[in-house]
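Enquirer: Turn this into a structure:
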Amino acid sequence: MTSLKRHMGLGALLIYGVGDMLGAGIYGLVGKAAGLMGHLVWLGFLGAMLAAVFTGLSYACLGSRYPKAAGAAYITGRAWGMPFLTWLVGLTVAASGLTSMATGSRVIAGYLQKFGLAVDTIPLAIGTLLLVAAVVYRGIRESTWMNAICTGVELLGILVVIAVTLPYWGSVSLVQAPQPDMGSFDLFRLTMQGAVLTFFAFVGFEDLLNVAEEAKNPERDLPLALVGAIAIATVLYMAVAIGAVSVLPPSTLAASKAALVDVVAAAAPAIPPQLFTGIGIFAVANTALLNLIMGSRLLYGMSKQGLLPAVIGRIHPIRQTPHVAIGLLLAIVIALMLTADIDHLASATSLLLLSAFVVVNLSLVVLKLRPGEAKGHFEVPLPIPIIGAGICAALIAARVLDPAADSRAPIIAGVILLVLSGLFFVVRPKGSVEDALG
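Expert: Below is the predicted model of the structure:
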């Protein structure tokens, strides 16, 4: 039977995680986040990081214990033994990857229009998705090389932003609320909203877990890559957020289609805007690349568990990639791209992932308390997943229950969950998740 190819070492995994987080998350969302939080945009990233780090540690532990391509779906099935919950968590994570890709494709279209291309957003976005899908279909080696190139380019772009904005640090108050009469509760609510939006910038540990079957030494390397990627992304995000609002007013950043391009143009006019626009394209394309890899491997793993039709889990005999899953996800993401604007898609992505992370954190609690369950190379104390689940649940509640927040993102996320739930009873998987456990 044809299987996935083990090609990724620690370096490739770290680049994979860093590249995923540094893509559409910061290049596409810093403007939207500044429009919401003003000069406190850094606080939104800090709140998102706190949510991400506890869940990231849980994922590091789980990756060390169970390096399986199905990722969250495998872990949920092992902990609870409930095919419906496993189905819902697995496809929720896959759906979050699709909304992330849809978001990224629209961001790329905005950057390409900055280049002067007189083409509508939709054709540009679709062309980007087709190119990314072709690379992922080609193979994990080619995808890894593209990831490495894109990550190097996007990291260069981030460092350029930090370098040119550093002289402006201290020119504005970083504790100034968007509205001068905001009370403590309003500020807390605003921070929670910003954390939900910017949490999208920290996703990547789920993507890492889903390439476990293509890693050379996943039990050792996955935890190191995961924790390292979160640490690197956090430092860079905070510096970029502070620099951006120090150079341009939050209202200007919010109105921009390519916020960091405008920041560099204002802080360092000598740098050609086209150069930095090109860097932004590489960065966001990288996120789309990695999310398609993640989603296709997740569907492949769920197919092996009997939760999806066997045809979805087919591996191309030459390319050794799950080509059917890649094609299926490409068709869905093109349709999804037409549904909402960037900020609504990004918030919906965050809500979907936060829901899955609550379940995954609680799954680790169950597995740690289960007698005889094998431990991994990287273990965390029991309070870590409990706190992680609580933080993720609090972020969901803060976003969904806030009467002042836009309701479109929760509606998009809710519709996706309802559709996935209904599909379970239509497909009625004949296999059991326990078939793949052992």
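Enquirer: What is the neighbour count of Ala134?
Expert: 12 (other C-beta atoms under 10 Å). Just so you know, the C-beta spots here come from the backbone N, C-alpha and C atoms, and that holds for glycine as well.
Enquirer: Contacts for the stretch of helix or strand it belongs to next, please.
Expert: Element membership for Ala134, per DSSP states H and E: helix 121-138. Helix 121-138 is contacted by residues 101-102, 104-106, 108-110, 112-113, 117, 142-143, 146, 285, 288-289, 292-293, 296, 316, 319, 321, 323, 326-327, 330, 333-334, 337-338 when judged by C-beta atoms under 8 Å, 6 or more residues apart in numbering.
Enquirer: Now do the same for Ala436: its pLDDT.
Expert: In this model, Ala436 is scored at 42, pLDDT.
Enquirer: quick one: pLDDT of Pro371?
Expert: For Pro371, the predicted pLDDT is 92.
Enquirer: Hmm, I typed the wrong one, I wanted Gln113.
Expert: Looking at Gln113, its pLDDT is 77.
Enquirer: wait, doesn't it sit right on Lys257?
Expert: Yes: counting by C-beta atoms under 8 Å, Gln113 touches Lys257, with 6.9 Å between them.
Enquirer: Return the members of the contacts of helix 121-138 classed as buried.
Expert: Burial by neighbour count, 16 or more other C-beta atoms under 10 Å: within the contacts of helix 121-138 this picks out 101-102, 104-106, 108-110, 112-113, 143, 146, 285, 288-289, 292-293, 296, 319, 321, 323, 326, 330, 333-334, 337.
Enquirer: Check which helix or strand the closest residue to Ala268 other than its chain neighbours maps to.
Expert: Once flanking residues are discounted, Ala268 sits nearest to Val164: 4.0 Å by C-beta to C-beta, 6 or more residues apart in numbering. Taking DSSP H and E as the criterion, Val164 maps to helix 140-165.
Enquirer: what does the next helix or strand after that helix contact?
Expert: Where DSSP H and E defines the elements, the next helix or strand beyond helix 140-165 is helix 184-199. For helix 184-199, contacts defined as C-beta under 8 Å, 6+ apart pick out 25, 29, 32-33, 36-37, 40-41, 43-45, 47-48, 50-52, 177-179, 182, 237, 343, 346-347, 350-351, 353-354, 394-396, 398-399, 402, 404-405.
Enquirer: Nearest residue to the spatially most central residue of the chain in space, please, no chain neighbours.
Expert: For the chain, the residue sitting closest to the mean C-alpha position, by C-alpha atoms, centre = their mean, is Val203 at 3.2 Å. Take Val203 and drop its neighbours on the chain: the residue closest to it by C-beta to C-beta, 6+ apart is Leu353, 5.8 Å away.
Enquirer: and Leu298, what is it in contact with?
Expert: Ala69, Ala70, Gly71, Ala72, Ala73, Gly90, Val93, Ala94, Gly97, Asn210.
Enquirer: before we move on, what about Pro383?
Expert: Contacts of Pro383 (C-beta under 8 Å, 6+ apart): none.
Enquirer: Pro381 now?
Expert: Per C-beta under 8 Å, 6+ apart, neighbours of Pro381: none.
Enquirer: Dump the C-alpha coordinates for the lowest-mean-pLDDT helix or strand in the chain into CSV.
Expert: The weakest-scoring helix or strand in the chain, judged by mean pLDDT, DSSP states H and E, is helix 205-209 (a mean of 74). Output of helix 205-209 as CSV, limited to C-alpha atoms (Å, rounded to 0.1, in the frame of the first residue of the first chain):
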residue,chain,number,x,y,z
PHE,A,205,0.5,23.8,15.7
GLU,A,206,-2.4,21.9,14.3
ASP,A,207,-0.8,22.0,10.9
LEU,A,208,2.4,20.6,12.3
LEU,A,209,0.6,17.7,14.0
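Enquirer: and whichever helix or strand comes after that helix with helix 184-199, angle?
Expert: Once helix 205-209 ends, the next helix or strand along the chain (criterion: DSSP H and E) is helix 218-247. Using axes from the mean of the first three to the mean of the last three C-alpha atoms, to 10 degrees, the direction of helix 218-247 lies 120 degrees away from that of helix 184-199.
Enquirer: Past helix 218-247, which element shows up next along the chain?
Expert: Next in sequence after helix 218-247, counting helices and strands by DSSP H and E, comes helix 250-255.
Enquirer: elements contacting the helix or strand following that following helix?
Expert: Counting by DSSP H and E, the next helix or strand C-terminal to helix 250-255 is helix 259-267. On a contact count with 3 or more C-beta pairs under 8 Å, 6 or more residues apart in numbering; DSSP states H and E, helix 259-267 meets helix 24-37, helix 140-165, helix 218-247, helix 250-255, helix 273-304.
Enquirer: Just name whatever secondary elements the shortest one is in contact with.
Expert: Which is helix 250-255. Going by 3+ C-beta pairs under 8 Å, 6+ apart, helix 250-255 lies up against helix 24-37, helix 259-267.
Enquirer: Low-confidence regions, the stretch 251-400 of the chain specifically.
Expert: 339-343, 345-346 (pLDDT under 70).
Enquirer: try it again with 50
Expert: Nowhere does the stretch 251-400 of the chain drop to pLDDT under 50.
Enquirer: circling back to that earlier point, so the residue nearest to the centre of the chain sits against Met101, correct?
Expert: No: counting by C-beta under 8 Å, Val203 stays clear of Met101, with 11.9 Å between them.
Enquirer: which residues sit in contact with Leu117?
Expert: By C-beta under 8 Å, 6+ apart, the residues touching Leu117 are Leu124.
Enquirer: Closest one of the contacts of Leu298 to Gln305?
Expert: The closest of the contacts of Leu298 to Gln305 turns out to be Ala70 (C-beta to C-beta; 6.1 Å).
Enquirer: Give me the pLDDT value at the closest one.
Expert: Confidence score, pLDDT, at Ala70: 68.
Enquirer: can you check Ser100 too?
Expert: Ser100 carries a pLDDT value of 73.
Enquirer: From Leu289, how far off is it?
Expert: Per C-beta to C-beta, to the nearest Å, Ser100 is found 11 Å from Leu289.
Enquirer: Same check on Thr234?
Expert: Distance from Thr234 to Leu289, by C-beta to C-beta: 22 Å.
Enquirer: Equivalent analysis for Ala109, please.
Expert: Applying C-beta to C-beta to Ala109 and Leu289 gives a distance of 16 Å.
Enquirer: Please apply the same query to Tyr111.
Expert: From Tyr111 to Leu289 the distance is 16 Å (C-beta to C-beta).
Enquirer: do Gly35 as well
Expert: Distance from Gly35 to Leu289, by C-beta to C-beta: 27 Å.
Enquirer: State the number of residues packed around the closest residue in space to Leu88 that isn't next to it in sequence.
Expert: Leaving aside its sequence neighbours, Leu88 sits nearest to Leu420 (C-beta to C-beta, 6+ apart; 5.9 Å). By the criterion of other C-beta under 10 Å, Leu420 has 18 neighbours.
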